[in-house]
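Novice: based on what follows, work out the 3D shape:
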Amino acid sequence: MDIVPTLTHLQDIEIIAMQDNLTGILHPELQSALPTILSSTHLTKLRLFFLKDFPAQIFQHCTALRHLTLQWMVFTGLDAPLTKQNPKIKLHTLSFSTCTMTWPFRRASEVFEWFSRPLCPFDFSQLRVFLSSDRGTDPRSFELFCQFASKVSHSLERVLIDPSRMAPAVALSLFPAQKLVRLHTLEIPILTPSEKNDVSCAMNFLSNLAAPSLLKRVVLHYRCHARETMKELAPLDTFLASEHFENLESVTVTAYLSILHPVDTNMTIGFLRKVFPLLGAKRILTLGTHVGLTRIGIPSGYLAGYTDREKRSKGLIACTQ
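Specialist: Numbers count the residues shown, from 1 in each chain. Take a look at the predicted model:
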């Protein structure tokens, strides 16, 4: 650990804690060194996964931070006063998700409340990318999620939202048309087409979008359970190829495959190509696959930014014991 405090040149840091219960605590030496590392003027990207008892006060040191990912985190010190009076950190990207399954993570409401407090070190006024399909299951979390989403919508250029988890009217109210002056990319997860009717929810949300002509790119994250279920995506081909979305320049469909049930990726691409013939004919279709974990609450990491990782700059991956 002696070398850790000297790593002040890093531009991109990722910390992952993976244990049997999917959570971990930072090594004491690493935690004590983080303020020095994170205060680097080179650090612009920080991604944190599966950490519990993570001190929220550490963020005040990230003065150069612009892109933040928080996935399945448990924080401490959300009410603690800041020890440094630095200017607010102007975030451009926020990828956020908590877990509402079996392990003891805090409710999403606590984090959304923190985002709105004066003690929060972040400034969201210039937020361009907001990726979150997690709006919490309790009413308070949902209310605060709506308030936050509506507050930042005026500056957003790219959004990931899961309309299957809320009524279309509610989903639309999060991003009022008069504020969507910059939105050009909309991402939608389709996790269980048959069980939750995700395809219909996605189409209803898109059809009611007040300004679809602004959209240049639509990204569909499809969790593929079997090739036979891909045909359920077919209505999206006709829908997105219609005149209603005549300004679309790109439609990307990524199938997320489980490493526990291997499927031939080339065959998967072939099936998807048959499902989207109209978009293919317009030459705006991009198909892809991602093999990952789909049974631990992470739909193959679509919220974790894996689709952007080919552009990763210098970074550090730290795994706790």
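Novice: give me the longest helix you can find in the chain.
Specialist: Among the elements of type helix in the chain, defined by DSSP state H, the one spanning the most residues is helix 139-152.
Novice: so after that one, what's the next helix or strand?
Specialist: Moving toward the C-terminus from helix 139-152, the first helix or strand encountered (DSSP states H and E) is strand 158-160.
Novice: helices and strands around that next one, which ones?
Specialist: Secondary structure elements in contact with strand 158-160, counted by 3 or more CB pairs under 8 Å, 6 or more residues apart in numbering; DSSP states H and E, are strand 129-131, strand 185-190. C-beta coordinates here come from the backbone N, C-alpha and C atoms, glycine included.
Novice: would CSV of those strands with mean pLDDT be doable?
Specialist: Formatted as CSV, the entries for those read as follows, by pLDDT from 0 to 100:
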stretch, mean pLDDT
strand 129-131, 89
strand 185-190, 86
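Novice: any chance of CSV for those strands, columns mean neighbour count and distance to residue 38?
Specialist: Rendered in CSV, the data for those read as follows (neighbours: other CB atoms under 10 Å; distance: least, CB to CB, whole Å):
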stretch, mean neighbour count, distance to residue 38
strand 129-131, 21, 21
strand 185-190, 22, 28
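Novice: quick one on the thing from earlier: just the buried residues of the longest helix of the chain, please?
Specialist: Within helix 139-152, the residues scored as buried using 16 or more other CB atoms under 10 Å are 141, 142, 144, 145, 146, 148, 149, 151, 152.
Novice: before we move on, back to that, what about the helices and strands packed on strand 158-160, which gets the closest to residue 282?
Specialist: Judged by CB to CB, the one of the helices and strands packed on strand 158-160 that comes nearest to residue 282 is strand 185-190, at 17.7 Å.
Novice: residues touching the residue lying closest to residue 40 once chain neighbours are set aside, list them.
Specialist: Nearest residue to residue 40, sequence neighbours excluded (CB to CB, 6 or more residues apart in numbering): residue 8, at 4.4 Å. Neighbour list for residue 8: 36, 37, 39, 40, 42 [criterion: CB atoms under 8 Å, 6 or more residues apart in numbering].
Novice: surely residue 238 meets residue 278?
Specialist: Yes. Checked against CB atoms under 8 Å, the pair residue 238 and residue 278 is within contact range at 6.3 Å.
Novice: which helix or strand in this protein has the lowest average pLDDT?
Specialist: For the chain, scoring each helix and strand by mean pLDDT, DSSP states H and E identifies strand 315-319 as the least confident one, at a mean of 43.
Novice: any idea what residue 123 is bridged to?
Specialist: Under DSSP bridges, the beta-bridge partners of residue 123 are residue 90.
Novice: how far away is the nearest residue to residue 80 once chain neighbours are set aside from residue 28?
Specialist: Taking CB to CB, 6+ apart, and ignoring the residues beside it in sequence, residue 80 has residue 57 as its nearest neighbour in space, at 5.6 Å. Applying CB to CB, to the nearest Å, one obtains 16 Å for the distance of residue 57 from residue 28.
Novice: before we move on, what about residue 252?
Specialist: Taken as CB to CB, the spacing of residue 252 relative to residue 28 amounts to 42 Å.
Novice: neighbour count: these two, which is higher?
Specialist: residue 252 (17 against 9; other CB atoms under 10 Å).
Novice: show me the domain layout of the protein.
Specialist: Here the chain is described, according to automatic domain parsing, as comprising the domains 1-156, 166-315.
Novice: which one of those has the lowest average pLDDT?
Specialist: Among the domains of the chain, domain 166-315 has the lowest mean pLDDT, at a mean of 73.
Novice: picking that back up, I'd like the helices and strands packed on strand 158-160 as JSON lines, with distance to residue 224 appended.
Specialist: Rendered in JSON lines, the data for these read as follows (distance: least, CB to CB, whole Å):
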{"stretch": "strand 129-131", "distance to residue 224": "20"}
{"stretch": "strand 185-190", "distance to residue 224": "10"}
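Novice: residue 79 is nearest to which of those strands?
Specialist: Closest approach to residue 79 among the helices and strands packed on strand 158-160 is made by strand 129-131 (24.5 Å; CB to CB).
Novice: apart from its chain neighbours, what residue comes closest to residue 125?
Specialist: The spatially closest residue to residue 125, leaving aside those adjacent along the chain, is residue 155, at 6.8 Å (CB to CB, 6+ apart).
Novice: just checking, residue 186 touches residue 162?
Specialist: No. With contact defined as CB under 8 Å, residue 186 and residue 162 do not form a contacting pair (11.6 Å).
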